[in-house]
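J.: Next come a sequence and a model predicted from it.
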Amino acid sequence: MQSKGRTGGFSIFRNPPCVWPESMSGQPGAPVRVHVIDSDPHLRGVVAQELMGDTRTVVSGQAGSLRDGRRLLRDEPCDVLLVDMHLEDGLGLELISQARALRPPAEVVVLSRLDSDDDAMRAFDLGAAGFVVKDSWFVSFVQAVLQVANGGASVTPSVSRRLLLQLGRGRAATELGLSPGQVVRIKLSERELEVLKMIASGLTSVEIGQRLAISCTTVNSHVKNMYQKLHVKSRAQAVSCASSWGLI
């Protein structure tokens with residue numbers, strides 16, 4: 001909401017950031033136009049209400065499916081596209097390339113129910129400027145829109161922190177002359193590497209436990225630790241990652 005007060009070349013808003021220079025995109029009378037595409041009508045309503053409650057942003061269109069989203073992008077101009085990662089009839093990520101083709105200046109922010117680094121990286125690789133987890137305590141759709149509309153990025157804090165940590169590990173590895181696989185090998189214990197190799201050979205947790213003379217619970221504990229260190233969520237991903245890095 002905009003307050004009545006004005007200070008020189010600034011407008012004052014209750015929503016942060018409360019000081020808004022007149023040089024920024026998103027001004028009263030020239031708001032940032034936003035398309036909202038999400039299968040959940042309740043969420044669309046919540047997002048639209050927040051955006052329409054701030055004079056710096058306006059909802060220029062809404063859609064609840066991939067098909068309707070394509071039509072909306074084709075027929076109506078926008079400055080920012082807010083699109084759900086998983087729509088009922090397909091991946092919202094498919095709209096990023098269409099937005100690039102039809103509305104080149106438009107920025108894309110992907111909305112997700114899951115706090116997933118893999119999904120975030122897929123979105124960024126395709127050209128998204130933001131990745132927002134819907135139920136994050138820190139989510140502000142107005143801020144997300146204004147950030148990307150003004151050349152920035154909008155990433156849920158928990159996701160951005162993990163991505164920064166991964167970047168830091170990769171830079172440290174480069175400086176030490178180590179490959180990512182070598183860094184992970186250092187971090188994995190000998191037992192975890194042993195379990196990883198057995199998983200790659202197709203053994204179950206029970207079979208691994210029998211061979212190593214440890215309980216199935218202990219095996220699963222090693223597997224969980226490996227998932228965290230490899231940044232994966234399944235055995236197949238762990239094996240693929242380990243194989244590409246020469247760990248097995």
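T.: Arrived safely.
J.: Pull out the buried positions in stretch 148-163.
T.: 148-149, 154-156, 159, 163 (16 or more other C-beta atoms under 10 Å). All C-beta atoms are positioned from the backbone trio N, CA, C, and that covers glycine.
J.: Also stretch 68-84?
T.: Result for stretch 68-84 [16+ other C-beta under 10 Å]: buried residues 69-70, 72-73, 78-84.
J.: So which residues of this structure form strands?
T.: 2-7, 10-13, 19-21, 32-37, 57-63, 80-84, 86-87, 90-91, 107-112, 130-133, 154-155 (DSSP state E).
J.: For my notes, please list the ones you listed in JSON lines and give distance to Asp118 and mean pLDDT for each entry.
T.: Formatted as JSON lines, the strands of the chain follow (distance: least, C-beta to C-beta, whole Å; pLDDT from 0 to 100):
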{"stretch": "strand 2-7", "distance to Asp118": "39", "mean pLDDT": "46"}
{"stretch": "strand 10-13", "distance to Asp118": "35", "mean pLDDT": "62"}
{"stretch": "strand 19-21", "distance to Asp118": "35", "mean pLDDT": "77"}
{"stretch": "strand 32-37", "distance to Asp118": "21", "mean pLDDT": "96"}
{"stretch": "strand 57-63", "distance to Asp118": "25", "mean pLDDT": "95"}
{"stretch": "strand 80-84", "distance to Asp118": "17", "mean pLDDT": "95"}
{"stretch": "strand 86-87", "distance to Asp118": "13", "mean pLDDT": "89"}
{"stretch": "strand 90-91", "distance to Asp118": "13", "mean pLDDT": "86"}
{"stretch": "strand 107-112", "distance to Asp118": "11", "mean pLDDT": "92"}
{"stretch": "strand 130-133", "distance to Asp118": "11", "mean pLDDT": "89"}
{"stretch": "strand 154-155", "distance to Asp118": "14", "mean pLDDT": "84"}
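J.: Please identify the deepest-packed of the ones you listed.
T.: Comparing the strands of the chain by mean neighbour count (mean count of other C-beta atoms under 10 Å), strand 80-84 comes out on top with a mean of 28.
J.: Tell me the strands beside it, with direction?
T.: Each strand paired with strand 80-84, and its direction, by DSSP bridges: strand 32-37 (parallel), strand 107-112 (parallel).
J.: Gly127: which of those strands is closest?
T.: strand 107-112 (6.7 Å; C-beta to C-beta).
J.: and for that closest one, what are the contacting residues?
T.: 38, 79-86, 92-93, 95-96, 99, 119-120, 123, 127-134, 144-145, 148-149, 154 (C-beta atoms under 8 Å, 6 or more residues apart in numbering).
J.: quick one: which of the buried residues of stretch 68-84 is nearest to Val46?
T.: Leu82 (11.6 Å).
J.: So in terms of bridging, what pairs with the closest one?
T.: Residues in beta-bridge contact with Leu82 (DSSP bridges): Val36, Val109.
J.: Can you lay out the strands of the chain as a markdown table showing distance to Asn220?
T.: Shown next, in a markdown table, are the strands of the chain (distance: least, C-beta to C-beta, whole Å):
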| stretch | distance to Asn220 |
| --- | --- |
| strand 2-7 | 55 |
| strand 10-13 | 50 |
| strand 19-21 | 52 |
| strand 32-37 | 39 |
| strand 57-63 | 43 |
| strand 80-84 | 33 |
| strand 86-87 | 28 |
| strand 90-91 | 31 |
| strand 107-112 | 27 |
| strand 130-133 | 27 |
| strand 154-155 | 32 |
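J.: wait, what's in contact with the residue lying closest to Arg191 once chain neighbours are set aside?
T.: Excluding the flanking residues, the one nearest Arg191 by C-beta to C-beta, 6 or more residues apart in numbering is His222, at 6.1 Å. By C-beta under 8 Å, 6+ apart, the residues touching His222 are 189, 191-192, 195.
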